[in-house]
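Asker: A structural model of the following input is requested.
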Amino acid sequence: MKAVSVEEAVAMIPAGASVMVGGFMGVGTPERLLDEVVRQRKTGLSLICNDAATPGKGVGKLFDAALVSRLTATHIGLNPKAQQQMLANQIAVDLVPQGTFVERIRAGGCGLGGVLTPTGVGTLVAEGKRQIEVDGKPFLLETALRAQYALVHAFLADYLGNLAYALTSRNFNPVMAMAADTVIVTADNIVPVGVIAPDHVVTPAPLVDFLITNG
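Answerer: A predicted model of the protein is given here:
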């Protein structure tokens with residue numbers, strides 16, 4: 001794990017990269033990283049996140065700046081700009097049931113090819129997907145999701161990069177930290193090793209590549 005400035009971290013992300021972003025409607029989202037992505041104008045991003053947030057908040061800032069070319073998410077209903085860009089064919093949108101979404105990311109983090117789920121069988125969700133029977137019941141094969149980069153926010157990070165989260169701001173951050181080639185983290189508090197009790201570590205340091213310095 002290496003400590004870097006937010007400017008250095010975002011400079012590593014090329015235009016057109018696939019990027020996972022933690023958060024749920026802006027809660028638990030690494031706002032400083034997103035602000036810098038906008039400032040550096042990283043265009044053509046393939047964004048993987050739970051939702052499109054709202055204009056001016058969380059990943060909503062990326063749609064405000066028209067930096068997204070593809071979105072994989074569970075809903076976009078509270079961001080009219082994302083909806084407008086979808087309807088104008090400016091972005092491609094893949095809407096995924098939320099449980100399926102997180103399981104696909106978990107599969108990517110665990111080195112699995114995908115997961116079998118009954119969710120979506122017999123609906124539009126099933127179009128173009130393999131259907132497999134197990135004990136006489138139909139399941140869809142949903143492939144694993146990974147990204148080149150994951151932008152993660154934690155409540156606590158220690159000097160090695162171990163992470164702990166606060167309440168519901170945990171959401172998708174830990175599972176995304178497992179499913180990307182490069183993991184970049186912001187934290188509310190950076191503390192000495194030992195402050196986070198070993199059994200309170202949620203994301204272990206070996207998963208974290210870069211920690212954004214505070215101050």
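Asker: what pairs with whichever strand or helix holds residue 93, and is each one parallel or antiparallel?
Answerer: Element membership of residue 93 [criterion: DSSP states H and E] is strand 92-95. Using DSSP bridges, strand 92-95 pairs in its sheet with strand 68-73 (parallel).
Asker: quick one: name whatever helix or strand follows the partner strand.
Answerer: Per DSSP H and E, the helix or strand that comes after strand 68-73 is helix 80-87.
Asker: mind saving the C-alpha coords of that next one as PDB?
Answerer: Coordinates of the C-alpha atoms in helix 80-87 are reproduced here as PDB (Å, rounded to 0.1, in the frame of the first residue of the first chain):
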ATOM      1  CA  PRO A  80     -32.700  12.800 -14.200                       C
ATOM      2  CA  LYS A  81     -29.400  13.700 -16.000                       C
ATOM      3  CA  ALA A  82     -28.400  10.000 -16.100                       C
ATOM      4  CA  GLN A  83     -31.900   9.200 -17.500                       C
ATOM      5  CA  GLN A  84     -31.600  11.900 -20.100                       C
ATOM      6  CA  GLN A  85     -28.200  10.600 -21.200                       C
ATOM      7  CA  MET A  86     -29.500   7.100 -21.400                       C
ATOM      8  CA  LEU A  87     -32.600   8.100 -23.500                       C
END
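Asker: who does that helix touch, helix- and strand-wise?
Answerer: helix 60-64, strand 68-73 (3 or more CB pairs under 8 Å, 6 or more residues apart in numbering; DSSP states H and E). From N, CA and C alone the C-beta is placed, and that goes for glycine too.
Asker: now do 10 Å
Answerer: With contacts taken as 3 or more CB pairs under 10 Å, 6 or more residues apart in numbering; DSSP states H and E, helix 80-87 sits against helix 60-64, strand 68-73, strand 92-95.
Asker: rewinding a little: the inter-axis angle of the following helix or strand past the strand holding residue 93 versus strand 68-73?
Answerer: Going down the chain from strand 92-95, the next helix or strand is helix 98-110, by DSSP H and E. In terms of direction (axes from the mean of the first three to the mean of the last three CA atoms, to 10 degrees), helix 98-110 departs from strand 68-73 by 110 degrees.
Asker: how far out from the middle of the chain is helix 98-110?
Answerer: Per CA atoms, centre = their mean, to the nearest Å, the displacement of helix 98-110 from the mean C-alpha position of its chain is 11 Å.
Asker: buried residues of that helix, list them for me.
Answerer: 100-109 (16 or more other CB atoms under 10 Å).
Asker: please apply the same query to stretch 183-194.
Answerer: By neighbour count on 16+ other CB under 10 Å, the buried set for stretch 183-194 is 183-187, 190.
Asker: and that stretch, how far out from the chain's middle?
Answerer: With CA atoms, centre = their mean as the basis, stretch 183-194 stands 18 Å off its chain's centre.
Asker: export that stretch as CSV, just CAs?
Answerer: The C-alpha atoms that make up stretch 183-194 are tabulated as CSV, following Å, rounded to 0.1, in the frame of the first residue of the first chain:
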residue,chain,number,x,y,z
VAL,A,183,-8.0,-0.2,-5.2
ILE,A,184,-7.8,3.5,-4.2
VAL,A,185,-9.2,4.5,-0.8
THR,A,186,-10.2,7.6,1.0
ALA,A,187,-10.8,7.5,4.7
ASP,A,188,-12.3,9.9,7.3
ASN,A,189,-9.6,9.0,9.7
ILE,A,190,-6.1,7.6,9.2
VAL,A,191,-4.8,6.0,12.4
PRO,A,192,-1.7,4.1,13.7
VAL,A,193,-1.6,0.3,13.3
GLY,A,194,-3.4,-1.3,16.2
